[in-house]
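In: here is my input; please provide its structure:
(4 chains)
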Protein chains: 2
Amino acid sequence: MTAPAEPRICSIARTLEVVGEKWALLAVREVFLGNRRFDEMVRRTGAPRDTLTARLRTLVDAGILQRQRYSDRPQRFEYHLTAAGRDLYPVILTLLRWGDEHLAGPEGPPLVLEHACGHRLLAEVTCQACGEVVDPAETTRRSPTSS
Amino acid sequence: MTAPAEPRICSIARTLEVVGEKWALLAVREVFLGNRRFDEMVRRTGAPRDTLTARLRTLVDAGILQRQRYSDRPQRFEYHLTAAGRDLYPVILTLLRWGDEHLAGPEGPPLVLEHACGHRLLAEVTCQACGEVVDPAETTRRSPTSS
DNA sequence: TACCGTGCGTCCAGAATCCGAACTCACCCC
DNA sequence: GGGGTGAGTTCGGATTCTGGACGCACGGTA
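Out: Just a heads-up that it's a prediction; the model follows:
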């Protein structure tokens, strides 16, 4: 008999369900960069208009973006980040950082972020409790209160 | 005349090209959790065997995983993280954290990580230069040395 | 009034992917 | 020989993605 499938119940999986479709995070990136209108997003992400329409809908439904009317006639909408959407910033940042480190061409990373401190933004994940940089080797998992 | 498409050259986009396909990050998650064999991954991710085969190949080609033989006859392989793969830990962590915060049911987050410091791991992105927690409102972008 | 441009989509048909179930192949153990 | 396991491959059908063309409501301008 073959072992039964036991897909993990997992926040990573759940998050990817919402945000893991192609173009979804690029749409969010554009909003972070201040491009809130449909055509601009199409232009700067390269996504097919159709697909972007679908993605934006998913993101709005998931409570990551908010559709705001900025013109009545004709009806025109902008996409704004909700609080949940803003919380995706660390995800975007860590993706950016990984790409900068592992996929940058010889001309260096294409999009450079500056932190308010004046330096180039170098993002790292730290443990909120002790403040130390997180090393996978130093984490263990615990079963949740298995109710 | 319609404005020309100008997809951003962007590390986020590049990273997603490699790691943004469905199941890719879940496969990486499994390796982080210590499940290095094909059948285990199929079981715990829920991905179709077919798709997982393709994903693993992509990840190996991208230098994120490494295929190591652990038995000669029959030939059997395990997937291990490379240095680049280990660098994906922050991405996984921030996804996990977002899901914990925004998609957890009433029974709390399903998979709890503990940091070596003894506390529940609470990952946050900080600026490496000044040590402060990164707030999107406090970052600006600079064009790279436009060579 | 007629025409042009723009913003924001929708429609369509074909291509690419994904899916689950069944199959293969090479072993090992009894 | 019979059963079990690990690691895929094969298959046809279901979804999803894609790009290009089209629709519609305007606003400007002539």
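In: show me where chain A has strands.
Out: Applying DSSP state E to chain A gives strands spanning A:65-71, A:76-81, A:112-115, A:123-127, A:139-142.
In: for the last one, which positions count as buried?
Out: If you call a residue buried by 16 or more other CB atoms under 10 Å in any protein chain shown, then strand A:139-142 has these buried ones: A:Thr139. Backbone N, C-alpha and C define where each C-beta goes, glycine included.
In: report all helices and strands that it contacts.
Out: For strand A:139-142, the elements it packs on are strand B:112-115, judged by 3 or more CB pairs under 8 Å, 6 or more residues apart in numbering or on different chains; DSSP states H and E.
In: would the strand it packs on count as contacting chain A?
Out: Yes: using CB under 8 Å from any CB of the partner chain, strand B:112-115 reaches chain A at B:112-115.
In: could I get the strands of chain A as CSV with mean pLDDT?
Out: Shown next, in CSV, are the strands of chain A (pLDDT from 0 to 100):
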stretch, mean pLDDT
strand A:65-71, 89
strand A:76-81, 92
strand A:112-115, 87
strand A:123-127, 88
strand A:139-142, 86
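In: still on that earlier bit, can you redo the residues of strand B:112-115 next to chain A as a markdown table with neighbour count and distance to A:Pro90?
Out: Output for these, formatted as a markdown table (neighbours: other CB atoms under 10 Å in any protein chain shown; distance: CB to CB, whole Å):
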| residue | neighbour count | distance to A:Pro90 |
| --- | --- | --- |
| B:Val112 | 17 | 18 |
| B:Leu113 | 20 | 15 |
| B:Glu114 | 16 | 20 |
| B:His115 | 21 | 17 |
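In: list just the nearest of those residues to B:Thr53.
Out: Distance to B:Thr53, by CB to CB, is smallest for B:Leu113 among these, at 28.7 Å.
In: okay, the closest residue to the closest one other than its chain neighbours: pLDDT?
Out: Spatial nearest neighbour of B:Leu113, chain neighbours left out: B:Leu121 (4.1 Å); criterion: CB to CB, 6 or more residues apart in numbering or on different chains. What the model reports for B:Leu121 is a pLDDT of 87.
In: with A:Thr2 instead?
Out: 59.
In: so A:His80 is in contact with A:Arg37, correct?
Out: No: A:His80 is beyond contact range of A:Arg37, at 11.2 Å (criterion: CB atoms under 8 Å).
In: how far does stretch A:69-78 sit from its chain's centre?
Out: Mean-position distance between stretch A:69-78 and its chain equals 26 Å (CA atoms, centre = their mean, to the nearest Å).
In: ends of it, how far apart?
Out: Terminal residues of stretch A:69-78 are spaced 6 Å apart (CA to CA, to the nearest Å).
In: residues contacting that stretch, please?
Out: Taking contacts as CB atoms under 8 Å, 6 or more residues apart in numbering or on different chains, the residues outside stretch A:69-78 that touch it are A:36-38, A:67-68.
In: show me which residues of chain A sit near DNA strand C.
Out: Counting by CB under 7 Å from any atom of the strand, chain A comes close to DNA strand C at A:37-40, A:49-50, A:53, A:56, A:74, A:76-78.
In: this completes my enquiry, with thanks.
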